[in-house]
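S.K.: I need the structure of the sequence given here:
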Amino acid sequence: MQPEVEILSGLERRVDLLVSIADVEKQVQAQLKRVARSAKVQGFRPGKAPLSLIERSHGPGIRYDVINSEVGRSLDKVVEEAKLRVAGVPNLEPKTEGVPEGTMAFSATFEVYPEVSVPDLAALQVKRAHTDVGDAQVQHTVDILRKQRANYEAREGRAAQDDDRVTLDFVGTIDGTPFEGGSAEKFPFVLGQGRMLPEFETAVRGMKAGEKKTFPLAFPEDYAGKEVAGKTAEFTVTVTEVAEPVLPEVDAEFAKSLGQAEGDVDKLLADVRSNIEREVKSRTQARTKGSVMDALAAACTFDVPKALVDNDIESRIAAAREELKQRGVPNAESVPIPPDTFKADSERRVRLGLLVSELVKSADLQAKPEQVRARIEEFAQNYEQPAQVVAYYLSDRQRRAEIEALVLEDNVVQHVLSKAQAADEAVPFDELMGTA
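M.R.: Predicted structure coming up:
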């Protein structure tokens, strides 16, 4: 008689499985005999040790494996006949009450994948981002490049303002006591770049060389320095120099400094425009994709397997620890990272992943080889030797799979855009590039 699958709640299921003790022992004895043929036991020639000795040394492990195999086989049969898709690893618990003689009983609890139906795409409202690239945007980018290559000249009597390089001495105390990292001499930084806390920059802005000021500064609760986070310090700063930025002219030397070997300014500006257009295309596509994915996520409400969510959370925590390690945070492996930090986002990611998978299958949106190659060739234009990059990505299975995943997402986005209520969204250049 086929075991009955019990619905617990949501996607959770349970089924009781029976395993014949006689069948288990028959397999155990057969495996013990195979082991005995070559087993090396002290005091006996290879293959001549009594089966009773082999039983004591190898029996428990073999029996455990056989039982697991039999239970797994029984569960697979139940799952196949019930047409269920198991999500995660089933939890097996032995049963002791009401077990028929000559059998072992186990209760298997597991989750199943939900029934996923694609929502009415025509009802979705999405935004298709676009940003214009003209002479003003090219000039704006060139100005940023000039600022990055600025020389600084000290100016007597100049009040410090944004983009000036200020050099100063400072001493910070908390409750009258200096703290680690709170003091420095001849410390330079450029005002307005966000290198220092906003209160610090506000206090220094307008000061001249030779001036001194004392002011309070409240460290944020989430400040990286845990010993001062959430506390208020008192800083005394003495400005020793205010230097004004002197930007380079857009000439042959400037062009060469940016890799334009001939020093051709017109070619430099053309390259800048081409790079901006590529970056704008990439960012507007990402913004549009975000709008599409948000709309899809909001349209699907089915339950998601907890096992898949937990796996995603574990991956996110591992990635967070690796990032902390790369940043030099001590004890990164043991820093408490509450799973709930990622729970809502992981649930969304899993739900969206299941929906996208169903959409790809139902609308035949798999990545085609010619699409993958075209995407690789487009990506390779960011490098000096595009042909080598293309060859590398096409020959490396993992890299190629990464591009295939991107193309698949692009296919999903374009499919949704063709069906949904899509409105064009003009995004200002500064906002898109994060330079506003």
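
S.K.: and the gap between residue 413 and residue 148?
M.R.: Residue 413 sits 34 Å away from residue 148, taking C-beta to C-beta, to the nearest Å as the criterion. From N, CA and C alone the C-beta is placed, and that goes for glycine too.

S.K.: Those two - which one has more neighbours?
M.R.: residue 413 (22 against 10; other C-beta atoms under 10 Å).

S.K.: roughly how far apart are the more buried one and residue 236?
M.R.: Distance from residue 413 to residue 236, by C-beta to C-beta: 55 Å.

S.K.: swap in residue 26?
M.R.: Counting by C-beta to C-beta - residue 26 and residue 236 are separated by 85 Å.

S.K.: now do residue 17
M.R.: According to C-beta to C-beta, residue 17 and residue 236 sit 74 Å apart.

S.K.: So which of the two has more stuff around it?
M.R.: A direct count of neighbours by other C-beta under 10 Å for residue 17 and residue 236 places residue 17 higher, at 22 against 14.

S.K.: which residues in this protein form strands?
M.R.: 6-7, 12-20, 86-95, 103-112, 125-130, 151-154, 165-174, 177-190, 212-218, 232-246, 421-426 (DSSP state E).

S.K.: so which of those strands gets nearest residue 362?
M.R.: strand 125-130 (18.8 Å; C-beta to C-beta).

S.K.: tell me the helices in the protein, going along the chain?
M.R.: All helices of the chain, identified by DSSP state H, fall at 21-36, 51-81, 135-148, 198-204, 252-257, 265-299, 306-326, 340-363, 369-380, 386-395, 397-419, 429-433.

S.K.: nearest to residue 6, of those helices?
M.R.: helix 51-81 (11.4 Å).

S.K.: pretty sure residue 233 contacts residue 217?
M.R.: Yes - if you go by C-beta atoms under 8 Å, residue 233 and residue 217 touch, sitting 5.2 Å apart.

S.K.: what touches both of those two?
M.R.: residue 172 (C-beta atoms under 8 Å, 6 or more residues apart in numbering).

S.K.: returning to what we had before: TSV for the helices of the chain, including distance to residue 173 and mean pLDDT?
M.R.: Below are the helices of the chain laid out as TSV (distance: least, C-beta to C-beta, whole Å; pLDDT from 0 to 100):
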stretch	distance to residue 173	mean pLDDT
helix 21-36	73	88
helix 51-81	64	88
helix 135-148	35	93
helix 198-204	14	95
helix 252-257	43	93
helix 265-299	44	94
helix 306-326	29	93
helix 340-363	34	94
helix 369-380	52	92
helix 386-395	54	92
helix 397-419	51	94
helix 429-433	39	92
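
S.K.: Kindly present these as CSV, with separate columns for distance to residue 159.
M.R.: As requested, the helices of the chain are arranged in CSV below (distance: least, C-beta to C-beta, whole Å):
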stretch, distance to residue 159
helix 21-36, 86
helix 51-81, 75
helix 135-148, 20
helix 198-204, 10
helix 252-257, 29
helix 265-299, 33
helix 306-326, 40
helix 340-363, 44
helix 369-380, 47
helix 386-395, 49
helix 397-419, 50
helix 429-433, 27
